[in-house]
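> no sequence for this one, just the structure:
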């Protein structure tokens, strides 16, 4: 059986030209022009810094400074490497920015964020309860001439008012105390 390929070619020509014209109409993924890249990175940096305000307000401190560090690295791309942005392909710029952002989130962010660790009070300082401290609840103590919120370190122990207590540590604005009777019993 002999096939005439010229007839097949003539039949498929309109289909090929139709598909080529459809491909010509589709937008191809292109990187922004080289003169627009610094503007892109600047807007990206400012956007991430603005997102940090929303993240910090609504999500607390768990994601603190992640968007900020990504925004700062985008601004570093503009300020520090603007001459490179004109030459290097856009996909490599994105990979470089992702690497800088990852490094800043993993290694630099923990250096600038202070954790809420308990602050140790030196040598178990004495205080006096102003109100009773019920088990697991917060009362008031007189410590160094000021009234402070306080909570007992032993969660199932109540401390009456006008009792001498020892301050062990400070967690946020609350003193963690234990009654004097625990040391003298």
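Perfect, I can see it now. This is a predicted model, so every value here is computed, not measured.

> Now do the end-to-end distance for stretch 144-155.
Here the two ends of stretch 144-155 are set 24 Å apart, with distance taken as C-alpha to C-alpha, to the nearest Å.

> Residues contacting it, please?
Residues outside stretch 144-155 that contact it (C-beta atoms under 8 Å, 6 or more residues apart in numbering): 125, 127, 129-130, 133, 135-143, 158-159, 165, 167-168, 173-179, 182. All C-beta spots, glycine's among them, are computed from the backbone N, C-alpha and C.

> State the three-state secondary structure for residue 58.
At residue 58 the chain is in helix, as set by DSSP: H, G, I helix; E, B strand; the rest coil.

> ok, it - how many residues close by?
8 (other C-beta atoms under 10 Å).

> and the gap between it and residue 134?
33 Å (C-beta to C-beta, to the nearest Å).

> Flag the shaky bits of this structure, pLDDT-wise.
1-32, 60-62, 84-85, 112-124, 184-185 (pLDDT under 70).

> residue boundaries of the helices in it?
5-25, 37-59, 66-85, 90-103, 109-112, 181-184 (DSSP state H).

> for the fifth one, packing partners?
Right, the one you point to is helix 109-112. In terms of contacts (3 or more C-beta pairs under 8 Å, 6 or more residues apart in numbering; DSSP states H and E), helix 109-112 is not packed against any helix or strand.

> How far away from the center of its chain is that helix?
Chain-centre distance of helix 109-112: 11 Å, with C-alpha atoms, centre = their mean, to the nearest Å.
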